[in-house]
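Enquirer: Coordinates for the following, if possible.
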Amino acid sequence: MNKSPTITICGRKIGSDFSPLVIAEIGINHEGSFDKAVRMVDDAFGAGCECVKFQSHIIEDEMIPNDVIPGNAKESIWAIMKRCALTEEQERDLKAYVESKKMIFLSTPFSRAAAIRLEQMGVTAYKIGSGECNNFPLIKHIATYGKPIILSTGMNSMGTIRKSVAILRKHSIPYGLMHCTSIYPTPYTKIRLNALQELKSEFPDAVIGLSDHSLSNYPCLGAVAMGANILERHFTSDKTWPGPDIEISMDPSDLKELIDGSAIIHQTLGGEKAVLKEEQLTIDFAYACVVSIKDINPGDIFTMENIWVKRPGTGELKAEEFEKILGKRAKGFISINTQLRRSQIEE
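Expert: Predicted coordinates:
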């Protein structure tokens, strides 16, 4: 049997044998404020989060000037990123701060220049966003670094994902694939958790996860039951803050709930339908056994009138054997309310 795939980031193993990795995507929720970014790191840490993710924007290498307005905003993507982009110094300071808390620092590069910056910063892994899933030149560039890659797949077909994965495999990159729906917020009917199984079947060497943009933790929790090993949602310290992604963001209490809940659900997975030895204490009182409901004399035939099934379950003959006993004879006297034993029955 093939071993289930795992990837390791900063010593943290990620895969089906381990509790799901919850990624708190701070993204651009700091709106360009370093102090806000630090507070979100602190609040994520306080909620027990292992990993926070930022976005690395070097806008001149990322896009040409434009007036395209995202569906979840009222200003152009150019204006948003101009306002929200952090400097290289700020990104370095954030990485150092995150790692001082023994947390995993991830950042999504949206351009070649951003990838180069992150590599020079010494990041241990890369998260590639859905918009870059079909950006084969950028994926090839990042793959040359030889570090684990988590790739989101929103807005992309299986055919496109296959091409991206082929690049990762060519460079022997340990990788994860995140099912994602790039609608902000995502209606529950558009999340399509069955896609997790499709990805798992098509890419058996991938660690599978869900990057969710809905308004609650429920899809991510459901995804764990369907095999997701990585969970990602946007995160903010305060849902009243401004920003295009705030509406779809979890706050510290939501984050703690997601971490705790996903860990519990993961513990419930696996196993098979069988009687556990730990259930014996319950069996002793909950099972019914064959008992006499009248005094029974030697040679009497066991019938529905003199035997029945009653608790507790400590007798030798459980209720499932009741019908096998009917019609047989008693070897000796049996008083009322006695749990029958095989030695009392003539064969």
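Enquirer: Once you drop chain neighbours, what's closest to Leu317?
Expert: Spatial nearest neighbour of Leu317, chain neighbours left out: Val290 (4.3 Å); criterion: Cβ to Cβ, 6 or more residues apart in numbering. Where C-beta positions appear, they are placed from N, C-alpha and C, glycine not excepted.
Enquirer: Now for that neighbour, how many residues are close by?
Expert: 26 (other Cβ atoms under 10 Å).
Enquirer: Please look at it and Ile325 and confirm they touch.
Expert: Yes - judged on Cβ atoms under 8 Å, Val290 makes contact with Ile325 at a distance of 6.0 Å.
Enquirer: what is in contact with these two at once?
Expert: Jointly contacting Val290 and Ile325 under the rule Cβ atoms under 8 Å, 6 or more residues apart in numbering are Ile307, Leu317, Leu340.
Enquirer: what would those residues look like in a markdown table with distance to Lys3, secondary structure and pLDDT?
Expert: A markdown table is the format used below for those (distance: Cβ to Cβ, whole Å; DSSP: H, G, I helix; E, B strand; the rest coil; pLDDT from 0 to 100):
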| residue | distance to Lys3 | secondary structure | pLDDT |
| --- | --- | --- | --- |
| Ile307 | 54 | strand | 98 |
| Leu317 | 45 | coil | 98 |
| Leu340 | 50 | coil | 98 |
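Enquirer: Which among the residues you listed count as buried?
Expert: Buried members of the shared contacts of Val290 and Ile325, counted by 16 or more other Cβ atoms under 10 Å: Ile307, Leu317, Leu340.
Enquirer: How far off centre is the least confident helix or strand in the chain by mean pLDDT?
Expert: Every helix and strand of the chain was ranked by mean pLDDT, DSSP states H and E. The lowest is helix 77-84, at a mean of 80. Computed by Cα atoms, centre = their mean, to the nearest Å, the chain-centroid distance of helix 77-84 equals 32 Å.
Enquirer: now swap in stretch 320-332 and tell me
Expert: Distance, centroid of stretch 320-332 to centroid of chain: 52 Å (Cα atoms, centre = their mean).
Enquirer: Would you agree Pro252 is in contact with Phe45?
Expert: No - counting by Cβ under 8 Å, Pro252 stays clear of Phe45, with 9.7 Å between them.
Enquirer: Pick out whichever of these two has more residues nearby.
Expert: Under the criterion of other Cβ under 10 Å, the comparison of Pro252 against Phe45 puts Pro252 first, with 21 against 18.
Enquirer: mind saving the C-alpha coords of stretch 216-225 as CSV?
Expert: Only the C-alpha atoms of stretch 216-225 are listed here, as CSV (Å, rounded to 0.1, in the frame of the first residue of the first chain):
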residue,chain,number,x,y,z
SER,A,216,-18.5,30.5,8.2
ASN,A,217,-16.3,27.7,9.3
TYR,A,218,-18.8,25.0,8.3
PRO,A,219,-17.3,24.2,4.8
CYS,A,220,-13.8,23.9,6.2
LEU,A,221,-15.0,21.6,9.0
GLY,A,222,-16.9,19.5,6.5
ALA,A,223,-13.9,19.3,4.3
VAL,A,224,-11.9,17.6,7.1
ALA,A,225,-14.4,14.8,7.0
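Enquirer: Just to check, His234 is in contact with Ile23?
Expert: No - if you go by Cβ under 8 Å, His234 and Ile23 don't touch, sitting 9.9 Å apart.
Enquirer: Name the nearest residue to Pro244, ignoring sequence neighbours.
Expert: The nearest residue in space to Pro244 (Cβ to Cβ, 6+ apart) is Ala73, at 4.1 Å.
Enquirer: Relative to Asp67, how far out is the one you found?
Expert: 12 Å (Cβ to Cβ, to the nearest Å).
Enquirer: higher neighbour count, those two?
Expert: Ala73 (15 against 9).
Enquirer: Could you say which helix or strand holds the residue nearest the centre of the chain?
Expert: Centroid-nearest residue in the chain: Val224, 3.7 Å away (criterion: Cα atoms, centre = their mean). Element membership of Val224, judged by DSSP states H and E, is helix 218-225.
Enquirer: Check Ser107 too.
Expert: strand 104-109.
Enquirer: helices or strands next to that strand in the packing?
Expert: Counting by 3 or more Cβ pairs under 8 Å, 6 or more residues apart in numbering; DSSP states H and E, the packing neighbours recorded for strand 104-109 are strand 51-56, helix 88-100, helix 112-121, strand 126-128.
Enquirer: Of these, which is nearest Gly32?
Expert: helix 88-100 (9.1 Å; Cβ to Cβ).
Enquirer: Surely Pro204 and Val165 touch.
Expert: No - using Cβ under 8 Å, Pro204 is not in contact with Val165, being 11.1 Å away.
Enquirer: Check the average confidence over the helix or strand hosting Lys36, would you?
Expert: In this structure, Lys36 sits in helix 34-46 according to DSSP H and E. Average pLDDT, helix 34-46: 98.
Enquirer: Number the chain from 43, please
Expert: Okay, using 43 as the starting number, the last item reads as helix 76-88.
Enquirer: which strands and helices sit next to that helix?
Expert: strand 63-69, strand 93-98, helix 130-142, helix 294-310.
Enquirer: I'd like to check the angle between it and helix 130-142, please.
Expert: If you take axes from the mean of the first three to the mean of the last three Cα atoms, to 10 degrees, helix 76-88 sits at 20 degrees to helix 130-142.
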